[in-house]
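A.B. asks: take a look and give me a structure for this.
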Amino acid sequence: MLPAALRLRDFRRVFLAQVISTFGDFFVPIAISFAVLDLTGSASDLGLVLFARILGQVLLFLAGGVWADRLPRQHVMVASNVVRFFSQGLLGFLLIGGHAQIWQLVALQFVHGAATGVFRPAASGLTPQLVPPDQLQAANGLMYLTLGIGGIGGPAVGGVLVATAGAGWALVGDAITFAVAAILLARIPPLGYPQRPRESFWRELAGGWWEVRSRTWLWASIVDFAAFQMIYLATIMVLGPLVAKESLGGAGAWAGILVAFSFGTLLGNAWSMRVRPKRPLIFAWTIILLTGPSLVLLAFRAPAWSIALTEIGSGLSIGVAGTLWETTLQRNVPPAALSRVSAYDWMGSTALRPLGLAIVGPIAAAIGVKETLLAAFALTMISSLTLLLIPDMWRITDEAAADRPAVVPDETLGAEAEQASAAVASNRAK
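C.D. replies: Residues are numbered from 1 along each chain as shown. Down below sits the predicted model:
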């Protein structure tokens, strides 16, 4: 049976656009890696290209949030996809023609990352405008589901393209997915919310920051996300393949572990469309503790199948927690500031990951791989458990948040949803 949110025309277009572009995104890690290694064979050059992409995201998140709160969000997303179509397509044809140089890869991946930084705050703010309040969590679950779908099928198709046609054609394929996504998004009519007085860019940015710092549950969670990406993700991304190569059987074993994680996220996304915890943040930050066992098993070089099992749990926990977090954010932040708040969320979550990627290798060389993995486990668990001690986390309930109506287009919801939203708004005004 088709989920209710997918029966809404405009949300269905956003979902399909996300499925298509995310599928293409998973071509990129393989294509970029082989493109750089074929050009120079330098791991340092590869690191520079990957760093440029993350840097572009971090630098444009905040600007993207302001623009998405000023302009129709789907128009911002279309512009981002158009930029990424040209950046990836140009890079692909440079590689196909044999004219690519490392500085071009760095520059074009920076542009790609910057466009992604503009896209994400707009996407976070758009979903509540497309679905009624009672379908918001399910809609977020569907959007996160696209990552699991892309994570399972994208690398396989990307690998075949790189192996048979070359890295350049894989990047051209990625560019085409952005073009298709832009066409789908362009068909959504302009959506909005009650207009507010236009302020300067910097005042609007400051207004978004005030929304963040005035909510302890919000800024504390962002701090934890930053620690999670810097410590947990960096450690497992750098040391996981190393352990697999030395003790688990090589690349095949690590690929199996990654597939298990993607399968777990699919399970988590499917579950998140149905689970309704009374205190969503407490539930989310408790279940995220399931990410820890993989670090311990890697530290002791347990069999690959056992690590794959724990990575199913990791993927499930991240899939559920991500959906609950996105829904909580959308329900508890004013709609007119949502994209700016989301931008601070994305920037805070991502900014320290390059630092983690840079330092985890030297730390492991200094104190040992096992010791680094166990330290990462301990720090990740302490950070997540600390969130459970913050009273503000316990005050956020599903019932308390459900009384804020979403802003939605009339023609997509039908009369019953319009009447329900109007009734809620009337009750709040009394």
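A.B. asks: C-alpha from now on. contacts and neighbour counts both.
C.D. replies: Fine.
A.B. asks: show me the chain divided up by domain.
C.D. replies: Domains of the chain are assigned by automatic domain parsing as 7-189, 211-401.
A.B. asks: so where's the chain shaky on pLDDT?
C.D. replies: The chain contains residues with pLDDT under 70 at 1, 42-44, 47, 191-198, 251, 399-430.
A.B. asks: pull out the buried residues from the helix or strand where Val66 lies.
C.D. replies: Counting by DSSP states H and E, the element that carries Val66 is helix 43-70. For helix 43-70, burial by neighbour count (16 or more other C-alpha atoms under 10 Å) applies to 45-47, 49-70.
A.B. asks: how many residues are close by Pro121?
C.D. replies: Using other C-alpha atoms under 10 Å, Pro121 has 32 other residues around it.
A.B. asks: which of the helices or strands spans it?
C.D. replies: Judged by DSSP H and E, Pro121 forms part of helix 102-130.
A.B. asks: what packs against that helix?
C.D. replies: Other elements packing on helix 102-130 under the criterion 3 or more C-alpha pairs under 8 Å, 6 or more residues apart in numbering; DSSP states H and E are helix 9-25, helix 43-70, helix 73-96, helix 136-164, helix 304-332, helix 338-350.
A.B. asks: just name the most buried of these.
C.D. replies: helix 338-350 (a mean of 26; mean count of other C-alpha atoms under 10 Å).
A.B. asks: buried residues, the helix or strand just after that one. List them.
C.D. replies: Next helix or strand after helix 338-350 toward the C-terminus (DSSP H and E): helix 353-367. By neighbour count on 16+ other C-alpha under 10 Å, the buried set for helix 353-367 is Arg353, Pro354, Gly356, Leu357, Val360, Gly361, Ala364.
A.B. asks: pretty sure the fourth one contacts Thr235?
C.D. replies: Yes: in this structure Leu357 lies within contact range of Thr235 using C-alpha atoms under 8 Å: 7.4 Å.
A.B. asks: how about stretch 230-247 as PDB, C-alpha atoms only?
C.D. replies: Below are the C-alpha coordinates for stretch 230-247, written out as PDB (Å, rounded to 0.1, in the frame of the first residue of the first chain):
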ATOM      1  CA  MET A 230      34.400  14.100  14.400                       C
ATOM      2  CA  ILE A 231      35.000  11.100  16.700                       C
ATOM      3  CA  TYR A 232      32.700   8.200  15.600                       C
ATOM      4  CA  LEU A 233      32.400   8.700  11.900                       C
ATOM      5  CA  ALA A 234      36.000   9.800  11.300                       C
ATOM      6  CA  THR A 235      37.300   6.900  13.300                       C
ATOM      7  CA  ILE A 236      35.200   4.200  11.600                       C
ATOM      8  CA  MET A 237      35.800   5.700   8.100                       C
ATOM      9  CA  VAL A 238      39.500   5.800   8.500                       C
ATOM     10  CA  LEU A 239      40.300   2.800  10.800                       C
ATOM     11  CA  GLY A 240      37.500   0.500   9.600                       C
ATOM     12  CA  PRO A 241      39.000  -0.200   6.200                       C
ATOM     13  CA  LEU A 242      42.500  -0.500   7.700                       C
ATOM     14  CA  VAL A 243      41.300  -3.200  10.100                       C
ATOM     15  CA  ALA A 244      39.400  -4.900   7.300                       C
ATOM     16  CA  LYS A 245      42.600  -5.000   5.100                       C
ATOM     17  CA  GLU A 246      44.800  -6.300   7.900                       C
ATOM     18  CA  SER A 247      42.600  -8.800   9.700                       C
END
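A.B. asks: quick one: contacts of it?
C.D. replies: Residues outside stretch 230-247 that contact it (C-alpha atoms under 8 Å, 6 or more residues apart in numbering) are 250-251, 253-254, 295, 298, 301, 304, 352-357, 360-361, 369, 372-373, 376-377, 379-380.
A.B. asks: show me how far it is from its chain's centre.
C.D. replies: 20 Å (C-alpha atoms, centre = their mean, to the nearest Å).
A.B. asks: could you do stretch 158-174 as well?
C.D. replies: Remark: stretch 158-174 is offset 23 Å from the chain centroid, using C-alpha atoms, centre = their mean.
A.B. asks: quick one: end-to-end distance for it.
C.D. replies: Taking C-alpha to C-alpha, to the nearest Å, stretch 158-174 runs 9 Å from one end to the other.
A.B. asks: okay, buried residues for the helix holding Pro121 please.
C.D. replies: Going by neighbour count (16+ other C-alpha under 10 Å), the buried part of helix 102-130 is 102, 105-130.
A.B. asks: quick check: angle from it to helix 9-25?
C.D. replies: Helix 102-130 runs at 160 degrees relative to helix 9-25, counting by axes from the mean of the first three to the mean of the last three C-alpha atoms, to 10 degrees.
A.B. asks: what's the one helix or strand Ala220 maps to packed up against?
C.D. replies: For Ala220, the host element (DSSP H and E) is helix 216-227. On a contact count with 3+ C-alpha pairs under 8 Å, 6+ apart, helix 216-227 meets helix 201-213, helix 338-350, helix 369-387, helix 391-395.
A.B. asks: contact partners of it?
C.D. replies: Under the criterion C-alpha under 8 Å, 6+ apart, residues 212-213, 345, 348-353, 380, 383-384, 387, 390, 392-393 lie in contact with helix 216-227.
A.B. asks: what's the farthest-apart pair in the residues you listed?
C.D. replies: Using C-alpha to C-alpha, the contacts of helix 216-227 span at most 26.5 Å, a distance reached by Arg353 and Asp392.
A.B. asks: Throw the buried residues of helix 353-367 into TSV and include distance to Ala179, thanks.
C.D. replies: Putting the buried residues of helix 353-367 into TSV (distance: C-alpha to C-alpha, whole Å) gives the following:
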residue	distance to Ala179
Arg353	29
Pro354	29
Gly356	33
Leu357	32
Val360	37
Gly361	38
Ala364	42
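A.B. asks: with these in mind, which one is nearest to Glu199?
C.D. replies: Ranked by distance to Glu199 (C-alpha to C-alpha), those are led by Arg353 at 32.4 Å.
A.B. asks: residue contacts, the closest one?
C.D. replies: So Arg353 contacts Ala226, Gln229, Met230, Ile231, Leu233, Ala234 (C-alpha under 8 Å, 6+ apart).
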